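**Q** Below are the sequence and a predicted model for it; my questions follow.
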Amino acid sequence: MMLRLRLAKSMMEREEGMNHLWIQLLPEEGSTVEKAEVRIQLPTGLYRSPNLNGHEESESSGILINREAQGKDALLELYTQHAVHSDESFVIVTVSFKDSEDRWIELSDRIVIRFVAEEEMGETLELDQQVIKRVKELRNSAAEWPDSDDLTISPPRTYELRNNKYAYLEQLYRVDF
């Protein structure tokens, strides 16, 4: 298996910056990956959101990808909240996976993130259009109408006002939605 890491932007703002990291698991031809766990080690001052693919995450923040998963990838939003003091840092991604022969294998790779002042962003900023396209795909699929199995439609209730000795209580305390 190969591990491919890609960033949406070639550099990131030092303060209140945002970027996307696309982690692709590329199995070799003829091999299958039964289970995989992706762990991300971030430098100080860099944070991440839950994965945008909707994969389950473990208590230790590992992204769990099983064989039934639609894509063998994970997309993360990386961000800074406060000023980062270094010019560049590494994000280390480690993948542990179980192959078709029931063996656990571990791969690790790293990618450089360059931090610059906001004024420097326009000069040499490069965008990876494939990562941006993947972000849009995941955002659009999350916004689609849910499947009919997930949505239950109940007909509205109709109430009849009855005329009995408790009818005044029903009129007084009934809540209409």
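**A** Received it, and whenever you're ready, just let me know what you need. These numbers were taken from a predicted model, which means no experiment stands behind them. Numbering: from 1, shown residues only.

**Q** Just say helix, strand or coil for S89.
**A** Reduced to three states with DSSP: H, G, I helix; E, B strand; the rest coil, the structure at S89 is strand.

**Q** Low-confidence stretches in the chain?
**A** Across the chain, residues meeting the criterion (pLDDT under 70) sit at 67-71, 142-161, 174-177.

**Q** go with 90
**A** Along the chain, the model assigns pLDDT under 90 to residues 1-2, 25-36, 54, 59-61, 65-72, 97-105, 118-124, 138-177.

**Q** Strands of that one, start to end?
**A** 2-7, 11-13, 18-26, 33-41, 46-48, 56-57, 63-66, 73-80, 88-99, 104-116 (DSSP state E).

**Q** quick one: which of the ones you listed is nearest N163?
**A** Of all the strands of the chain, strand 56-57 sits nearest to N163, with 56.0 Å by Cβ to Cβ. C-beta here means a position set from N, CA and C on the backbone, and glycine is covered the same way.

**Q** Show me what the lengthiest helix in the chain is packed up against.
**A** When every helix of the chain is counted residue by residue (DSSP state H), the longest turns out to be helix 129-143. Helix 129-143 sits against strand 2-7, strand 18-26, strand 73-80, with contacts defined as 3 or more Cβ pairs under 8 Å, 6 or more residues apart in numbering; DSSP states H and E.
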